[in-house]
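Participant: The sequence isn't on hand, but the structure is:
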RNA sequence: GGCGAUAUCGUCUAGGGGUUAGGACAUGUGGUUCUCAACCACAGAACCGGGGUUCGAAUCCCCGUAUCGCUACCA
């Protein structure tokens, strides 16, 4: 049986890198084994959920290339895939639990319970719900319901031990005595997470639940629910969390945390996927750079490590550059265009642009890094770096050198890096200066900047007319 | 506080009863060179602590410590 896995974000915020990695692991697992990857939106927290976030999450998933086989947009046999459209199912399940004696109506007011809890905690005591409503007689409950008194449904946690075999952590056991009777249906008739997740995972025939470590403590409650519903318990794999450099939970103060921000900053989805895959998972060898296809071939749940991982932005940069260097210039050009980064007036041909891109690859960590570096090739409107101008163009001998070089370049044939280098060195020698002096001056005159790719390659691609014009402009 | 998970270079990790504990990022030094990158070479850098099991423990077990998570009518 091919596995069925799901990613079930709550649309209360953007897709953050932790969620993205969880989604990625699920996707990789499904693709590796020819299973199904389901996307489900857990929007039962109506207060905090928004449709904008739903859209943002879809966009980030698509950007990463994590396509789903069942879910919003694409549909599927187990829909709908928004929990707020499945409310009937949860209510029916809640009532069934009451009917079978696995749950009971609770008329306690949340505020009262909260007050009792905090009072107990202030006194240093642990506090668990005391089941007072479970002791009510059937007649009493019926009367309260008939009177329209609001009530929640609580699961009656049985005594015993609840255990499950986690694919990452091995066997994990909990004493039910430490689990309090939790609410499954709130008094506003909305389900809580524990109920909706189990109802949906059963309904959608999810075989493997791959999710964040933070759910380990919730799992026994859900296992209890599976048992009460006489449903098969899926396999669980709890993946460790991603932390900030201070090992605290990743948050805004750590900088960019959402996938969308990385997209906006010019990261490649290939690099993000590669980086995220290796954060908490290892295929075992020394290889670091993986294509999407290679990841699919190698991925397995067993390779997931047990401890939390720190998000290291420097390493992401490195991955990004590695992927840029492996990508064709034509592909990069396409990405630049769709990212809206190519709106400079194009004055050179497509082929020339691709040559420029190839030249710039090793010095571009992000897509946006190409833009300022491409400018001297695409436009005559140079941006001059003051320090570079001062350093390399201020010598009184420079104007004469520039003119001499310009005139020598008029007749160079062919217009290639090699011929250009020969010519420039000859001019420098004729004037008794070191080639470096003229090279640097020429670089600043032609690019406006103190740094650039090898000067002769730059000159070749900028073109004869422009080079001469820029050299003569004093 | 209770319950749970985790612990190898600064970071991501490989490995795992007997190894010079491997790789990558970052860092440093050198090479290349017209600059900055890229690239190449080299270097420094780790098995949380304590007990036990064992001929032998970083590896297995226990305890401690630290970190993270859960402890809601959030997910």
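Facilitator: In hand now; what should we look at? None of these values were measured; they are calculated from a predicted model. Residues are numbered from 1 along each chain as shown, chains lettered A, B, ... in the order given.
Participant: touching RNA strand B at all, the one helix or strand in chain A whose mean pLDDT sits lowest?
Facilitator: Least confident helix or strand of chain A, by mean pLDDT, DSSP states H and E, is helix A:386-393 with a mean of 85. No. No part of helix A:386-393 sits near RNA strand B under the criterion Cβ under 7 Å from any atom of the strand; the closest distance found is 8.6 Å. (Glycine included, C-beta is placed from N, CA and C.)
Participant: Any buried residues in that helix, and which?
Facilitator: Within helix A:386-393, the residues scored as buried using 16 or more other Cβ atoms under 10 Å are A:388-389, A:392-393.
Participant: Identify the farthest-apart pair in those.
Facilitator: A:388 and A:393 (7.9 Å; Cβ to Cβ).
Participant: Give the intersection of the neighbour lists for these two.
Facilitator: residue A:444 (Cβ atoms under 8 Å, 6 or more residues apart in numbering).
Participant: picking up where we left off before, state the next helix or strand along the chain beyond the least confident helix or strand of chain A.
Facilitator: helix A:398-409 (DSSP states H and E).
Participant: Could you give the number of residues near residue A:321?
Facilitator: When neighbours are counted by other Cβ atoms under 10 Å, residue A:321 registers 19.
Participant: cool, residue A:198 as well?
Facilitator: The burial count for residue A:198: 27, using other Cβ under 10 Å.
Participant: quick one, phi psi at it?
Facilitator: Note on residue A:198: backbone dihedrals following degrees, to the nearest 10 are phi -70, psi -40.
Participant: In this structure it contacts residue A:222, no?
Facilitator: Yes. Using Cβ atoms under 8 Å as the test, residue A:198 is close enough to residue A:222 to be in contact (5.1 Å).
Participant: list residues touching both of the two?
Facilitator: By Cβ under 8 Å, 6+ apart, no residue touches both residue A:198 and residue A:222.
Participant: now the helices for the stretch 51-200 of chain A?
Facilitator: A:51-64, A:87-99, A:110-122, A:138-146, A:193-203 (DSSP state H, counting those that start in this stretch).
Participant: Can you list the low-confidence ranges for chain A?
Facilitator: Where chain A drops to pLDDT under 70, the residues are A:343-347, A:474.
Participant: Please enumerate the strands of it.
Facilitator: Per DSSP state E, chain A carries strands over the ranges A:4-7, A:36-39, A:103-106, A:152-155, A:161-166, A:170-175, A:183-185, A:208-212, A:235-239, A:242-243, A:309-310.
Participant: which residues are in contact with the last one?
Facilitator: Yep, that's strand A:309-310 we're talking about. Against strand A:309-310 from outside (Cβ under 8 Å, 6+ apart): A:240-245, A:247, A:279-280.
Participant: Repeat the analysis, applying 10 Å as the threshold.
Facilitator: A:18, A:21, A:239-248, A:250, A:254, A:276, A:278-281 (Cβ atoms under 10 Å, 6 or more residues apart in numbering).
Participant: Equivalent analysis for the fifth one, please.
Facilitator: Strand A:161-166 has contacts (Cβ under 10 Å, 6+ apart) with A:171-179, A:209, A:213, A:216, A:219-224, A:226-227, A:233-238, A:301, A:306.
Participant: Ok, stretch A:114-122 next?
Facilitator: Taking Cβ under 10 Å, 6+ apart as the rule, stretch A:114-122 contacts A:108-109, A:125-130.
Participant: repeat that for 6 Å
Facilitator: residue A:127 (Cβ atoms under 6 Å, 6 or more residues apart in numbering).
Participant: who in the stretch 201-350 of chain A is up against RNA strand B?
Facilitator: Proximity of the stretch 201-350 of chain A to RNA strand B, by Cβ under 7 Å from any atom of the strand, involves residues A:213-218, A:240-241, A:243, A:245, A:247-249, A:278-282, A:284, A:286, A:288, A:303, A:305-310, A:312, A:314-315, A:317-318, A:321, A:325.
Participant: Count the residues that sit near the nearest residue to residue A:24 once chain neighbours are set aside.
Facilitator: Leaving out its chain neighbours, the residue that sits closest to residue A:24 by Cβ to Cβ, 6 or more residues apart in numbering is residue A:276, at 5.5 Å. For residue A:276, the tally of surrounding residues (other Cβ under 10 Å) stands at 26.
Participant: Equivalent analysis for the one 4 residues further on, please.
Facilitator: Residue A:280 has 23 neighbouring residues, counting by other Cβ under 10 Å.
Participant: Next one: the closest residue to it other than its chain neighbours relative to residue A:140, how far apart?
Facilitator: Closest residue to residue A:280 apart from its sequence neighbours, by Cβ to Cβ, 6+ apart: residue A:309 at 4.7 Å. Applying Cβ to Cβ, to the nearest Å, the value for residue A:309 to residue A:140 is 52 Å.
Participant: between those two, who's got more neighbours?
Facilitator: For residue A:309 versus residue A:140, neighbours defined as other Cβ under 10 Å are more numerous around residue A:309 (19 against 13).
Participant: returning to that earlier point: name the residues that touch the least confident helix or strand of chain A?
Facilitator: Counting by Cβ under 6 Å, 6+ apart, A:440-441, A:444, A:449-450 sit against helix A:386-393.
Participant: and with 10 Å instead?
Facilitator: A:384-385, A:398-399, A:402, A:436-445, A:447-451, A:474.
Participant: thinking in terms of the whole chain, how far from its middle is it?
Facilitator: Distance of helix A:386-393 from the chain centroid (Cα atoms, centre = their mean, to the nearest Å) equals 42 Å.
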